[in-house]
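> Pasting the sequence and the predicted model now:
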Amino acid sequence: MSHPDPRPPETPRWQRRPEERPEEILDAALGVFGRCGFAPARLEEVAREAGVSKGTLYRYFASKEDLFRAMVRAKVVTCVVAGEEYVRQYYGSATELLVDLMRRLWETVSRPEVIRIARLVQGELGRFPELARFYYEEVILPSRRLFEQALERGLASGEFRQLAHAATARAIASLLVHSAQSQAFFSVYDPNALDGERLFEGIVDLVLDGVRARPPAVTTD
């Protein structure tokens with residue numbers, strides 16, 4: 001007489017736990033938005049790529065706009081929030097803080113998925129002002145503020161010279177973002193291409209030369 005197997009049946013390897021689905025949907029949204037752009041993208045395609053029904057997708061996200069916001073918060077805003085905490089807990093020199101923030105931003109904006117988001121933002125969000133405002137307020141402004149804080153610390157410590165901090169913070173962030181995009185899109189065509197690390201080091205050298213305090217001029221009688 002055979003006895004029933006007391007072990008529970010195995011869960012199929014392909015089956016996902018329900019709590020994993022939002023992250024899978026966000027990953028799929030990034031892929032679909034990155035390929036198609038925001039306006040042409042369809043939630044049906046996102047659901048199909050995530051391996052869920054459209055009804056399941058709507059259980060988590062009420063609209064394509066909500067899905068976009070959630071995707072940006074998961075893929076980009078979390079990095080900004082981590083940077084804010086890093087600045088709060090930092091006790092080193094302002095110069096080291098500025099370089100560390102540049103490194104953190106460089107590593108974030110060099111990631112392929114973040115480059116796709118940036119390309120989407122630049123190409124389409126002018127037609128979607130509410131989403132543009134959302135991205136500006138939750139990504140661009142707080143990122144800029146991190147650099148402003150580092151510059152202000154350097155001015156207070158005497159490491160940095162008097163600067164137009166608002167303009168300088170904008171310039172640093174823009175230089176890093178656009179250099180990362182140029183590296184991703186065009187380095188393959190550049191006969192004298194630099195690898196990412198050499199490019200980053202050059203940007204750091206340029207920025208530090210611009211912000212560091214100048215030694216007092218030596219005068220002779």
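All right, it came through fine.
> By mean pLDDT, flag the weakest helix or strand of the protein.
helix 112-124 (a mean of 85; mean pLDDT, DSSP states H and E).
> In the chain, where is pLDDT below threshold?
Residues of the chain that meet the criterion pLDDT under 70 lie in 1-20, 216-221.
> next SSE after the least confident helix or strand of the chain?
Beyond helix 112-124 on the C-terminal side, the first helix or strand identified by DSSP states H and E is helix 129-135.
> If you count contacts, what does that next one end up packed against?
helix 64-72 (3 or more C-beta pairs under 8 Å, 6 or more residues apart in numbering; DSSP states H and E). Quick note: C-beta positions are derived from backbone N, CA and C, even for glycine.
> what about 10 Å?
Counting by 3 or more C-beta pairs under 10 Å, 6 or more residues apart in numbering; DSSP states H and E, the packing neighbours recorded for helix 129-135 are helix 64-72, helix 112-124.
> Which element is encountered next along the chain beyond it?
That would be, after helix 129-135 and using DSSP H and E, helix 141-157.
> got the CA positions of that following helix in CSV?
C-alpha atoms of helix 141-157 as CSV (Å, rounded to 0.1, in the frame of the first residue of the first chain):
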residue,chain,number,x,y,z
LEU,A,141,16.1,70.0,-7.8
PRO,A,142,17.2,67.6,-5.0
SER,A,143,20.2,66.4,-7.0
ARG,A,144,21.2,70.0,-7.6
ARG,A,145,20.8,70.8,-3.9
LEU,A,146,23.3,68.1,-3.0
PHE,A,147,26.0,69.9,-5.0
GLU,A,148,24.9,73.3,-3.5
GLN,A,149,25.4,71.9,0.0
ALA,A,150,28.9,70.6,-0.8
LEU,A,151,29.8,74.0,-2.3
GLU,A,152,28.5,75.9,0.6
ARG,A,153,30.5,73.7,3.0
GLY,A,154,33.6,74.3,1.0
LEU,A,155,33.0,78.1,1.1
ALA,A,156,32.5,78.0,4.9
SER,A,157,35.7,75.9,5.4
